[in-house]
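Colleague: Quick check, what structure comes out for this input:
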Amino acid sequence: MPTFDRSVARRTPFLAFLAQELGPREGRALAAARIAVGCTITVALAMEFRIPLAAYMAYIVFLASKDDIAGTARMAVAASLAITLGVIFSLGLAQLSLGDPAIRLPAMALTTFLAMFSARTFALGPISFLAGFIVVTMQSVVDQVPNPEAFTRLTLWLWVVVMVPVAVTMLINLLFGTAASAVAERGVKKVLMDLEAALVGGEVARRLAEWRSILVPLIEKSRNPPAIHRFLDALIVLEAYPDPIPPPERTRLSSLVRGCLDALERRNLASEARTEAESTPEARAAIYSFAELQRELSRTQAPQPARTEKRPRQLIVPDALSNPAHWQFALKTTIAIMIVYSVYTMLDWPGLLTSIVTVFFVALGSVGETVHKLTLRISGALIGGLIAGLSIVFVLPHFTDIGQLCLLTAVVALFAGWVTTSSERLSYAGMQIALAFFMGMLQTYSPATDLTVLRDRLVGILLGNVVMTLVFSVWWPESAITRLRSASADALRSIAALLKSPEDAAMNRQRAVEALARADNFEALSLFEMQMLPRQTHLPVLQGIERLAGAAFVAASEPLPRDVDAQAVALLGDWLIEAARATAESSAIPPLAENVIAAKSKTAAQAAVARLTAAAEHVASSA
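Modeller: Predicted coordinates:
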């Protein structure tokens, strides 16, 4: 597989991206199979018992399916609470507003605002978000139902429409799902194998951020969180190496990674590499980090306490009322919802109801995130719509029973499930492939023969995405680069704390790693903003901050003797605090003072501080 990836990379970055995202990995086939089986059973039940909205039932399987059993259970509980609350509020609101648009439209707007505001500020935001979505969707279809009795019946059916696929998905995951700890171990193993292959090929630096993004979410799932923390520390230390890493160092590091893999797979442990006296500071730090990782992985895999910062759980975020970004986000989404509703109502085109679904689920915190998600949504909808259209024209005329329909559903759901099990960079496209296909195929209880539904869905998606992009770009535009700036400042503060407070080294390293992971994510999302927002200034290059973090992790590494200039380290910490403040405020980063420059020395520790100073100078100049 690595050979294939490298050959594709030489052709085009897009094909290399697809090869990396869609390549096989341990557990992926089983996860996609669980989704396909759940969709097939759900469609069979919907057709056999004539449950309405079969397309949405099949799609809910995709929404409820998670990597591990615990995640699926949490989603099932949230969906159950959300649909119950949504049905109750919909029926209650219908008693007041069913025949009066003067009440119904303000109620839709208020419900949207509260749902979106709570999604950003409330600990149970996902539940209130889903409940609000159900209420608004039901209020938007009032004009399409003939009488209040039909509306009540449709609303009550919604509970069945949601609960049946949720129950099916939960049962399948209980029987064939994977425990969270197994998912974490599988992720650690994949990163170790990728790292070993990258060391052989000499392409390590460009994938360090990707590996960190995989490992950070696994901390909460793992039975051995200290091992993942050690692994993350080692990846940050690798940032301090020159790019490309010299071949002798790659060979030594590859043997260390192989030892960690053997420890993870319970094989005979390889002998630990010894630190040579003439080793560079980063080599000493890397050998120590990987040796510690190997020891953690070789221990009995019983639940171990994580060396993590204890964050108190809060029901409401501290800045819920003071940060205007929360209510601005909710208001922008409300404006977009009311615009698309007005458009398809005035056009008398009820098939564009999917534009409301698009706005609800595409709305995200920044323009970059929104454009990224709408790109995946449009691409997935086009692919799913094409598959559904070809199936309606060439396949369905030959079907004679439900079994054949279920077989086609299983095949397409398996394909869409495979895409859905990609990383966040691509997974949403798989969900849209599934939804577009189900909307086109599962129109009634008989084989679909009309392509109008597909047309309306695609037009609705385009309408929702255009309105969302315009609204989020014109009113209070929130750039992903703004969040990148905040995450970069957090990283600089954590690096400063690591230098100034050695007694809290583990906690400060954790904060730095998490801040860098957020920064990498927002830097990738900022590429989707396509010069729609004002250009940012005084922002350090993220790669420079990552190298600075690597140098700081090396300088603070335990195997290095403490013979450094304490004053120089303290002054570096003070400068990093000022640099973090300047980065957060979008002002010029102050230059390093002359007395910060550490004198060159032959000792490894002093050499590490000298390289740390050089990395700091690079960050200052890059802004």
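Colleague: Next, please give the residue ranges for the helices of the stretch 1-150 of the chain.
Modeller: 2-9, 13-22, 28-49, 54-64, 69-97, 101-121, 125-140, 148-176 (DSSP state H, counting those that start in this stretch).
Colleague: check contacts around E196.
Modeller: Residues near E196 by C-beta atoms under 8 Å, 6 or more residues apart in numbering: S254, V257, R258, L261. For the C-beta atoms, the positions are set from N, CA and C on the backbone; glycine is no exception.
Colleague: let's see 6 Å
Modeller: Neighbour list for E196: S254, V257 [criterion: C-beta atoms under 6 Å, 6 or more residues apart in numbering].
Colleague: Same check on A286?
Modeller: Counted by C-beta under 6 Å, 6+ apart, A286 has contacts V237.
Colleague: Next, work out how far apart it and A487 are.
Modeller: 25 Å (C-beta to C-beta, to the nearest Å).
Colleague: Just say helix, strand or coil for the residue nearest the centre of the chain.
Modeller: Averaging the C-alpha coordinates of the chain gives a centre point, and the residue nearest to it by C-alpha atoms, centre = their mean is E424 (4.5 Å). Secondary structure assignment for E424 (DSSP: H, G, I helix; E, B strand; the rest coil): coil.
Colleague: do you know how far it is from N521?
Modeller: With C-beta to C-beta as the criterion, E424 and N521 are 8 Å apart.
Colleague: Then A551?
Modeller: Computed as C-beta to C-beta, the A551 to N521 distance reads 23 Å.
Colleague: how many neighbours does R284 have?
Modeller: Using other C-beta atoms under 10 Å, the number of residues around R284 comes to 22.
Colleague: Comparing A551 and N521, which shows the higher neighbour count?
Modeller: The neighbour comparison of A551 against N521 (other C-beta under 10 Å) goes to A551, with 28 against 21.
Colleague: and the helix or strand harbouring that one, what other elements does it pack with?
Modeller: Assessed by DSSP states H and E, A551 sits inside helix 542-555. Here helix 542-555 touches helix 225-238, helix 281-298, helix 480-500, helix 505-526, helix 604-622, going by 3 or more C-beta pairs under 6 Å, 6 or more residues apart in numbering; DSSP states H and E.
Colleague: got the buried residues for the longest one?
Modeller: I take that to be helix 505-526. Within helix 505-526, the residues that count as buried by 16 or more other C-beta atoms under 10 Å are 505, 507-526.
Colleague: what does that helix contact?
Modeller: Here helix 505-526 makes contact (C-beta under 6 Å, 6+ apart) with 209, 212-213, 216, 232-233, 307, 309, 368-369, 372, 480-481, 483-484, 487-488, 490-491, 494-495, 497-498, 542, 549, 556.
Colleague: Can you classify T400 as helix, strand or coil?
Modeller: From three-state DSSP, the assignment for T400 is coil.
Colleague: now it: how far from S80?
Modeller: From T400 over to S80 the distance is 37 Å, taken as C-beta to C-beta.
Colleague: and these two? which has more neighbours close in?
Modeller: Between T400 and S80, counted using other C-beta under 10 Å, S80 has the larger neighbour count: 17 against 8.
Colleague: Next one: that one, what pLDDT does it get?
Modeller: On pLDDT, S80 comes in at 92.
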